[in-house]
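# Next input, structure requested:
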Amino acid sequence: MGTATPRSERYGPAMKVFQPFRLDTVNHCLWRAEERVRLTPRAFDVLRYLVEHAERLVTQDEILEAIWPETYVNPEVIKQYIRGIRKLLATIPKSRHILRPFPDEGYQFIAL
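Numbers count the residues shown, from 1 in each chain. Sure, this is the predicted structure:
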């Protein structure tokens, strides 16, 4: 009798799993179970950056520099993307709390 493979290993390192979601970093898409979730490319980039740095607080300035290097973008844009991502994740009970806000500081992804 074999042992079960953990879900994260089953999908490989390019797939970030936080149930019921899977963030496919190779194909740049988000999945909820077997359904692809509509996410704009920049919203995907924000979510991906937060997921890849889940172990710590990520500042708004860091997100801006990572996603829009050498381009001025109003920090309010980050807040808009975060609101949209949180709303999208909130379709699953308690999923809204996956992104923890730190007012005037940044955000931390806490699901992994």
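# Excluding residues flanking it in the chain, which one is nearest the residue most central in space within the chain?
When Cα atoms, centre = their mean is applied to the chain, the residue found nearest the centroid is Leu47 (2.7 Å). In this structure, Leu47 finds its nearest non-sequential neighbour in Ile85, 5.4 Å apart by Cβ to Cβ, 6 or more residues apart in numbering. Every C-beta, even on glycine, is put in place using the N, C-alpha and C of the backbone.
# The one you found reaches Ala43, doesn't it?
Yes. Between Ile85 and Ala43 there is a contact at 5.9 Å, judged by Cβ atoms under 8 Å.
# quick one: which of the two has more around it?
Set Ile85 next to Ala43 and count neighbours by other Cβ atoms under 10 Å: Ile85 wins out with 23 against 17.
# what's the distance between the more buried one and Trp31?
Ile85 sits 15 Å away from Trp31 when distances are taken as Cβ to Cβ, to the nearest Å.
# what about the helices in the chain?
7-11, 41-52, 60-67, 76-89 (DSSP state H).
# Output these as a markdown table; include the columns mean pLDDT.
Formatted as a markdown table, the helices of the chain follow (pLDDT from 0 to 100):
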| stretch | mean pLDDT |
| --- | --- |
| helix 7-11 | 48 |
| helix 41-52 | 96 |
| helix 60-67 | 95 |
| helix 76-89 | 90 |
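# so which of these comes closest to Ile110?
helix 41-52 (9.6 Å; Cβ to Cβ).
# ok now the closest one, how far from the chain's centre?
Averaging C-alpha positions (Cα atoms, centre = their mean, to the nearest Å) puts helix 41-52 5 Å from its chain's average.
# could you give the angle of that helix to helix 60-67?
120 degrees (axes from the mean of the first three to the mean of the last three Cα atoms, to 10 degrees).
# Deepest in the core, which of the helices of the chain is it.
helix 41-52 (a mean of 18; mean count of other Cβ atoms under 10 Å).
# picking that back up, can you say which of the helices of the chain is nearest to Asn27?
Here helix 41-52 is closest among the helices of the chain (Cβ to Cβ), at 10.3 Å.
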